[in-house]
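[1] Next input, structure requested:
(3 chains)
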Amino acid sequence: MSFYQGLIILVVINVIAVIGTFLLTGMTGLLSFGQASFMALGAYISGMLAVKFNIPFLLAILLAIIASVFVGFIIALPVVKLRRDYFALTTFAFGEFLKAVLNLSVTITGGATGLAGIPFKVNIWIALISLIIVILLVRNFRNSKFGKECLAIRDDELAARTCGIDSSRKKMTVFLFSVAITSFAGCLYGFYTCYIDPSMFGWTKSSELVIMVFFGGLNSLTGVIIGTTFLTLSLEILRFTGAWRMFVYVLIMIILIDFRPQGVFGNWELDWRTFEKFLHIPSSIIKKGK
Amino acid sequence: MCRESCLYPFILRRGVKAGLLLRNVKKELEVFLQQLLNGLSCGGVYALMAVGFGLIYNVLKFSNFSHGGVMLIGCYTAYFAFKIFHSSLFLTLLFGAISGGLCAVIFEKLAIIPLRKRNAPKIYFFVNSINGGLLSEYLIVATVGVFFHTFPDFLGTTNINIGQISFSKLNLTMLIISLITLFGLMWYLYKTKSGRAIRAVACDINTTSLMGVDVNRVISLTFFVSGLLGGLCGVFLGINYTIYPQLGKLILKGWMASVIGGLGSLLGPVVGGILLGVLETFLTAYIGSSFTPILEFLILLMFLLIRPQGIAGVIVEEKA
Amino acid sequence: MNLLEVRNVSKHFGGIIAVDNFSMKVKENQLIGIIGPNGAGKTTIFNLISGISKTTSGKIFFKGKEITFLKPSQISKLGIARTFQNLRLFRGLDVISNVEIACTYRMRYNFFQALFWPPIVLRENKKFRNLAKESLNLVKVPTNYYYEKPTNLPYGLQKRVDLARALSLLPQVLLLDEPAAGLNPYEIIELIDIIRLIQKEYQKQNLSIILVEHRMEMIMELCEEIYVLDFGKTIAKGTPEYIQNNENVLTAYLGEEY
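    Got it, this is the predicted structure:
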């Protein structure tokens, strides 16, 4: 496997994780700082199932996603009804909690020394197919009533509730969907790097995911995909520049949020409408009940 | 005849058991008191953290994550001040506090003022504050490096002993300084003109500006005061634990303290901080430090379920 | 049986009594007005009925069933819709999606169908898009605005979008919170016509409208029964003629306004 293929796989995994975060933060306005911990859940559960019980790849992933969603349900249950910042910081606390649990459970998960020996299953085709499936699912979600309800809840939760939207339940639905996608990214990560340890899924990773959503644009799925690709590639390629790399990266983020809070891509989306404007094809032919 | 001779050793045995039990109870009590005092000292630090965090929350209505970065910078500059000038404990603390205050104001200029100018939604303030915290961490990593440092033993390792309980002079000093700082803050907020301005802005930012108060200056002042508290707290944390670049993450404890105590007033974070400090000390003593984060998280979750407004907090109803 | 009954409802905010022992009975096809100076508690009553605020005491019944402790989403699904004094439109959605939001709870597909079976989504979207267009048409919002973001519309039109959104809930009780605020006299006449049109269109559904307003032209013109509030207390209740000549009302409120 060439260096470039490996790079692409890493980018794809990152993009999937960021899409999961985008659903939650971009579309619904629920800031979550434990996204990396859901990646950890996915990676560890599927990894352990594969290593200790020799469960096949796809089944392990499916079980890991179901388990992660269940855990997500439990922690979100009290918090979904509360204020936004409580949600954010509870997910952060959960991240720390999970890290402590993982570090402690040396006999089961290998503790701080990590879990090794996960079979290598994720080549570039599996990564790309996964990405396409995730994009399609999220796009369908966005175009359905759920997508609109998420945006409404983000803009004005009170008004949304008077329009028949049970905001707590919808927030839970979106959160669980986001957890499923993010933990899927974690699973792929485990089956690619074949070794995982708790330090990979810490607070730094969680905040990276959130920052990438803000970089790409809170309203733009394509923006988030392109933005994340660009950022992951630059970070990997510039790895040699040393410690100042991260400082400059965060500084750029601050300036971006200061002066272009809608993200690099703002509201731009690669869908029928952009093609219309580009090719001047009348909307009645292309639009399908949008 | 036989019974009388059997009775005496019987009473003796009972007596010895009771005496041992009493001594155990006394020991347990002493251990308990010891931990309580340690907990109060730790709680004082958490209270400082929570109050600094809560100040910004009350004034600008967002959770200021960069407070962790302020603590970090305060701690490191204090350390270098000590290394260069060999300052005493108090001077080091002062240095840390002031650099924390300056750091907070720099952060405000960089990441908060542009957002306020655009009337951005609160989520952006929050994210930028996280960026601010990360920026501090990466700055330290890039300039100083990832290695741990430690403060020397200020005040020596002498302890004050009351019976079997030993209370380190350092812990006692930190507790006293925390209390003095908190009282000083209360005096400042309630008895001085600028303190009153801060409280006014915390109530209603627009009306206050209509009353002729320069709101922007007041907010910068609030950041400075919050930074003073944060820097001081950072030095304490550096003394208690070690000096390392991820120190800023301890702001999570400050947030937890605020949630437990209740935001929206000055008392809430203090109560929450002290409670959290005592709780954490007891948990660490009785079940070990590795299990403590797990239990803390569960307790936090319980609080959010049962009393989300915290002990001293108020639920604010949203009106249409 | 009354369509909506508010029984001895009070709301205290700490020491302030926003609403003091308010009672109201609404039958089908009625148009009722609530007036009073600012701070009299009118919007609070709407907040209590729509479930946004919790009552301190008292009960609220809709079609005989008690709704006092229901959530706002449940109350709106039962058939009580409202508009807002400060609009509260969704900025991230275009105008037609804003109106469609009120229909989403009626769309017949679940989460998994949304993810895996787009055709059903398209079908339901189309159906309710047409409903949204009808509502917008009824309140006379021009079609060229349908795909704009609401902040790009003139203020008067934004208010109508808010109204169309409430109508798309297919309500039986419509709470209008100061719909004429910020409108010029010509727009107010248009609004009066629109409200009459709404009454006619929805007569079969027995729609009743409760109107909170300051503009006397609208209240006197439209309402059959008027409640007058002052500092949370109901100081008068009756027909427009009765209210106009009532001493309490005149001293407390009307003065030289009308």
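[2] Assign the closest residue to residue C:77 other than its chain neighbours to helix, strand or coil.
    Of all residues not flanking residue C:77 in the chain, residue A:164 sits nearest, at 4.9 Å (Cβ to Cβ, 6 or more residues apart in numbering or on different chains). Backbone N, C-alpha and C define where each C-beta goes, glycine included. Under DSSP: H, G, I helix; E, B strand; the rest coil, residue A:164 falls in the coil class.
[3] residues in contact with residue A:164?
    Contacts for residue A:164 (Cβ atoms under 8 Å, 6 or more residues apart in numbering or on different chains) come out as C:73, C:76-77, C:102, C:104-106, C:169.
[4] and the gap between it and residue C:164?
    Using Cβ to Cβ, to the nearest Å, we find residue A:164 at a distance of 15 Å from residue C:164.
[5] how far out from the middle of the chain is the helix or strand harbouring residue A:207?
    In this assignment (DSSP states H and E), residue A:207 forms part of helix A:203-216. Chain-centre distance of helix A:203-216: 9 Å, with Cα atoms, centre = their mean, to the nearest Å.
[6] I figured residue B:79 hits residue B:149, correct?
    Yes: in this structure residue B:79 lies within contact range of residue B:149 using Cβ atoms under 8 Å: 5.9 Å.
[7] Give the other helices and strands that whichever strand or helix holds residue B:252 contacts.
    Using DSSP H and E, residue B:252 falls within helix B:251-261. In terms of contacts (3 or more Cβ pairs under 8 Å, 6 or more residues apart in numbering or on different chains; DSSP states H and E), helix B:251-261 is packed against helix A:84-104, helix B:2-60, helix B:67-85, helix B:267-287, helix B:292-306.
[8] Dump it to PDB, restricted to CA.
    The C-alpha coordinates for helix B:251-261 follow below in PDB (Å, rounded to 0.1, in the frame of the first residue of the first chain):
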ATOM      1  CA  ILE B 251     -11.000  23.700  33.700                       C
ATOM      2  CA  LEU B 252     -13.300  20.800  33.400                       C
ATOM      3  CA  LYS B 253     -13.300  20.600  37.200                       C
ATOM      4  CA  GLY B 254     -14.100  24.200  37.400                       C
ATOM      5  CA  TRP B 255     -17.000  23.700  35.100                       C
ATOM      6  CA  MET B 256     -18.300  20.800  37.100                       C
ATOM      7  CA  ALA B 257     -18.000  22.800  40.200                       C
ATOM      8  CA  SER B 258     -20.100  25.500  38.600                       C
ATOM      9  CA  VAL B 259     -22.800  23.100  37.500                       C
ATOM     10  CA  ILE B 260     -23.000  21.500  40.900                       C
ATOM     11  CA  GLY B 261     -23.000  24.800  42.700                       C
END
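[9] What angle do helix B:267-287 and it make with each other?
    Helix B:251-261 and helix B:267-287 are oriented at 110 degrees to each other (axes from the mean of the first three to the mean of the last three Cα atoms, to 10 degrees).
[10] Mind listing residues that contact helix B:251-261?
    Contacts of helix B:251-261 (Cβ under 8 Å, 6+ apart): A:86, A:89, A:92-93, A:96, B:46-47, B:49-50, B:52-54, B:57, B:63, B:65, B:67-68, B:71, B:133, B:233, B:267-273, B:275-276, B:280, B:296, B:300, B:303-304, B:308, B:310-313.
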